[in-house]
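S.K.: Return atomic coordinates for the entry below.
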Amino acid sequence: LAKDADMASQLSRLFAQHNITKYYVGISQKAPKKKKQGLVVGGMQKGRQKSWLLTRDEPQRNVARTRFFTTRLKSNLSSSSHVTCVLFRPYTGKTHQLRVAAKSMGIPLWGDPIYSDGTLDRNHRTHLHACGIQIPALEGQDSIILWDPPIYFDIENLALSEAIQKLVRKHASEEMIKAMECAYKNG
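M.R.: Okay, the predicted model is just below:
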């Protein structure tokens with residue numbers, strides 16, 4: 001995509017102006033404390049031992065904005081009988097933004113070594129996955145819309161795959177829905 005300095009500059013401008021839409025999927029072993037969907041907004045402040053904190057103080061610096069949607073479902077992925085599937089739509093791109101947002105909602109991402117409450121999975125990985133991106137047309141290019149779900153959502157647990165598809169159909173753009181349906185069909 002960014003094969004020369006001009007294209008790289010255009011792409012950087014789109015990111016800076018928040019014109020690129022990104023979607024991430026996360027899994028938590030906890031249920032949301034209050035809301036099942038909403039907007040998490042707060043300042044990001046460096047904490048201890050590689051962590052970041054979400055602050056609500058005014059004036060806020062280094063502000064992170066994340067839209068989220070959740071669904072709770074039975075699962076065979078974890079030792080608990082249920083997991084929460086989270087669809088994240090970040091509006092900013094701050095360090096650890098999605099992981100901090102999940103923690104602030106009371107649904108730390110499963111396997112997160114910094115923000116979880118010690119619930120590591122059998123493979124010791126954080127269950128947060130970049131799944132979709134929508135880039136508007138650049139000079140001389142068509143718009144780009146990609147959806148690439150994590151493989152284990154298809155193979156290990158069909159319920160998670162179906163939950164993600166339901167969240168995307170309800171909350172994403174028509175173009176992203178088409179890209180997702182094509183990805184699952186061509187799987």
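S.K.: got any ranges where the chain has weak pLDDT?
M.R.: Low-confidence segments of the chain, defined by pLDDT under 70: 1-2, 57-60, 75-80, 118-124, 151-157, 187.
S.K.: where along it do the strands fall?
M.R.: 21-28, 37-46, 52-55, 63-74, 82-90, 128-135, 144-147 (DSSP state E).
S.K.: Let me have those strands in a markdown table, extended by mean neighbour count.
M.R.: Quick note: C-beta positions are derived from backbone N, CA and C, even for glycine. Formatted as a markdown table, these follow (neighbours: other C-beta atoms under 10 Å):
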| stretch | mean neighbour count |
| --- | --- |
| strand 21-28 | 22 |
| strand 37-46 | 16 |
| strand 52-55 | 18 |
| strand 63-74 | 18 |
| strand 82-90 | 23 |
| strand 128-135 | 19 |
| strand 144-147 | 18 |
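S.K.: For residue 8, which of the ones you listed is the nearest?
M.R.: Comparing the strands of the chain against residue 8 with C-beta to C-beta, the closest turns out to be strand 128-135 (12.9 Å).
S.K.: ok, back up a step: let me have the strands of the chain in TSV, extended by distance to residue 186.
M.R.: Below are those laid out as TSV (distance: least, C-beta to C-beta, whole Å):
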stretch	distance to residue 186
strand 21-28	18
strand 37-46	29
strand 52-55	37
strand 63-74	24
strand 82-90	21
strand 128-135	15
strand 144-147	10
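S.K.: who wins for proximity to residue 170 among the ones you listed?
M.R.: Of all the strands of the chain, strand 63-74 sits nearest to residue 170, with 7.2 Å by C-beta to C-beta.
S.K.: Let's check: the centremost residue of this protein is which one?
M.R.: Closest to where the C-alpha atoms of the chain average out (C-alpha atoms, centre = their mean) is residue 24, at 2.4 Å.
S.K.: Let me see the contact set for the residue nearest to that one when sequence neighbours are not counted.
M.R.: Nearest residue to residue 24, sequence neighbours excluded (C-beta to C-beta, 6 or more residues apart in numbering): residue 88, at 4.2 Å. Applying C-beta atoms under 8 Å, 6 or more residues apart in numbering to residue 88 gives the contacts 23-26, 66-68, 98, 101-102.
S.K.: Quick check: the residue lying farthest from the centre of the chain vs residue 3, distance?
M.R.: In the chain, counting by C-alpha atoms, centre = their mean, residue 140 sits farthest out from the average C-alpha position, at 29.5 Å. Residue 140 sits 11 Å away from residue 3, going by C-beta to C-beta, to the nearest Å.
S.K.: got the residue ranges for the helices in the protein?
M.R.: Ranges of helices within the chain are 5-16, 97-104, 151-155, 158-171, 174-186, based on DSSP state H.
S.K.: Arrange the ones you listed in JSON lines, one row each, with mean neighbour count and distance to residue 144 as further columns.
M.R.: Output for the helices of the chain, formatted as JSON lines (neighbours: other C-beta atoms under 10 Å; distance: least, C-beta to C-beta, whole Å):
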{"stretch": "helix 5-16", "mean neighbour count": "12", "distance to residue 144": "10"}
{"stretch": "helix 97-104", "mean neighbour count": "24", "distance to residue 144": "22"}
{"stretch": "helix 151-155", "mean neighbour count": "15", "distance to residue 144": "22"}
{"stretch": "helix 158-171", "mean neighbour count": "18", "distance to residue 144": "17"}
{"stretch": "helix 174-186", "mean neighbour count": "15", "distance to residue 144": "10"}
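S.K.: If anything else comes up later, I'll come back, but that's it for now.
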